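Colleague: Structure of the sequence below:
(one chain, ligands or ions: 1)
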Amino acid sequence: MTPPVEEARRRSASDYRFGKVLGEGSFSTVYLAKDIHTSKEYAIKVLEKAHIIREKKTEYVMREKEVLRILGSSCPYFVRLYWTFQDPEHLYFVLTYAKNGELLKQIDKCGCFTIDCARYYTAEMVLALEYLHGKGIVHRDLKPENVLFDDNWHILITDFGSAKILKTDNTEKCDNDTLDKGDRKRRNSFVGTAQFVSPEMLSESSSSHASDLWALGCILYQMVSGMMPFRGRSEFLIFQKILNLEYEYPEGFDPQAKDLVQKLLVIAPNERLGAMDQTTYTSIRQHELFKDLNWDDLGPPPKIS
Ligand code: ATP
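Modeller: So this is what the prediction gives:
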């Protein structure tokens with residue numbers, strides 16, 4: 001396991017000028033920061049060690065770091081981890097700065113996306129998932145808050161704390177032990193976010209690359225309609241709807257997008273479109289929604305509207 005070259009340079013917080021807070025997570029604060037040597041901007045995620053230990057989140061943090069290390073810099077659709085360092089109280093992750101924020105904010109701002117926009121960003125997510133799954137990693141918490149935009153409006157997928165690294169010998173495509181014990185107790189045996197969690201994660205606590213395909217279907221639905229497919233007043237009610245595949249399409253929902261959503265939101269993981277594909281999601285790429293798309297060059301993103 002070779003660490004990123006940059007790690008060898010021994011960085012510290014004093015190499016950066018910390019600016020505004022970009023956001024807060026349950027265990028972290030993310031700052032905009034400028035490298036004092038190059039003036040390049042980064043997002044630095046600062047985690048308080050004592051808090052992580054107290055909340056038994058060490059494994060979550062280690063996993064995020066390991067996944068980001070595996071992903072490296074070869075695929076442009078993921079936030080990149082440039083450096084990590086620590087001081088007695090904190091851990092620091094120096095990440096790509098996603099200047100244009102979260103996909104969720106854009107959907108909320110526009111109400112919903114045009115079909116061109118929804119198609120384009122679904123295609124970027126398909127390419128990202130091909131890369132991620134090809135590395136034997138399942139995200140398990142894919143949702144519009146975890147899809148950020150870079151300065152050119154390309155996606156940057158983030159938040160790998162819930163990810164699972166599958167064994168790479170191709171024998172384990174599916175995982176049953178989804179959480180460390182502390183998490184399992186606290187979160188009642190599901191990882192991810194209620195509205196985007198797949199039925200198999202709820203019913204069997206198992207997940208595979210097909211669980212991310214389910215989430216992709218939910219995100220496409222949300223980009224097209226502005227709403228999440230499974231909604232309810234409580235997590236329990238949302239889970240019931242997911243397990244019963246109980247959702248509706250609002251009037252005017254694009255028919256090709258609807259067909260793709262229907263083929264991704266399938267209870268049996270192996271029957272989801274793409275689930276049985278090998279290295280590329282050929283059956284998704286060949287879907288009618290993408291008929292005029294050049295998968296080798298998606299071109300510039302359409303203006304979000
Ligand atoms: P939780 O840990 O509770 O699931 P989270 O995963 O959103 O929350 P963080 O990864 O710490 O927590 O991110 C906190 C917020 O900071 C995010 O909601 C996002 O808006 C912002 N943020 C995170 N990473 C970046 C980044 N690379 N560029 C720009 N903003 C970011």
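Colleague: For the residue of the stretch 101-250 of the chain found nearest the ligand, which three-state class applies?
Modeller: Sorted by distance to the ligand under Cβ to the nearest ligand atom, the residues of the stretch 101-250 of the chain start with Asp159, at 4.2 Å. For every residue, glycine as well, the C-beta is placed using N, CA and C. Local secondary structure at Asp159 is given as coil here, using DSSP: H, G, I helix; E, B strand; the rest coil.
Colleague: what residues are up against it?
Modeller: By Cβ atoms under 8 Å, 6 or more residues apart in numbering, the residues touching Asp159 are Glu64, Asp141, Glu145, Asn146.
Colleague: now swap in Ser198 and tell me
Modeller: The neighbours of Ser198, taking Cβ under 8 Å, 6+ apart as the test, are Gly192, Ser207, Ala210, Ser211, Trp214, Ala215, Ile242, Pro269.
Colleague: Go through those residues and flag which are in helices.
Modeller: Secondary structure assignment (DSSP state H) places Ala210, Ser211, Trp214, Ala215, Ile242 from those within helices.
Colleague: ok, of these, which come out buried?
Modeller: For the ones in helices among the contacts of Ser198, a neighbour count by 16 or more other Cβ atoms under 10 Å gives the buried set as Ala210, Ser211, Trp214, Ala215, Ile242.
Colleague: residues in contact with the second one?
Modeller: For Ser211, the set of contacting residues under the criterion of Cβ under 8 Å, 6+ apart consists of Val138, Arg140, Ser198, Glu200, Met201, Pro269.
Colleague: quick one: which of the residues you listed is nearest Gly23?
Modeller: Arg140 (20.4 Å; Cβ to Cβ).
Colleague: That closest one: what secondary structure?
Modeller: State at Arg140, reduced to three classes by three-state DSSP: coil.
Colleague: quick one: contacts for the closest residue in space to it that isn't next to it in sequence?
Modeller: Spatially, and ignoring its direct neighbours in sequence, Arg140 is nearest to Ser162 (4.6 Å; Cβ to Cβ, 6 or more residues apart in numbering). Neighbour list for Ser162: Tyr60, His139, Arg140, Asp141, Val191, Gly192 [criterion: Cβ under 8 Å, 6+ apart].
Colleague: circling back: mind putting the contacts of Ser211 into TSV with pLDDT and distance to Leu32?
Modeller: Compiled in TSV, the contacts of Ser211 are given as follows (pLDDT from 0 to 100; distance: Cβ to Cβ, whole Å):
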residue	pLDDT	distance to Leu32
Val138	97	30
Arg140	96	28
Ser198	96	34
Glu200	96	38
Met201	94	34
Pro269	98	39
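Colleague: can I get those residues in TSV with distance to the ligand?
Modeller: Written out in TSV, the entries for the contacts of Ser211 read as follows (distance: Cβ to the nearest ligand atom, whole Å):
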residue	distance to the ligand
Val138	17
Arg140	12
Ser198	18
Glu200	21
Met201	16
Pro269	24
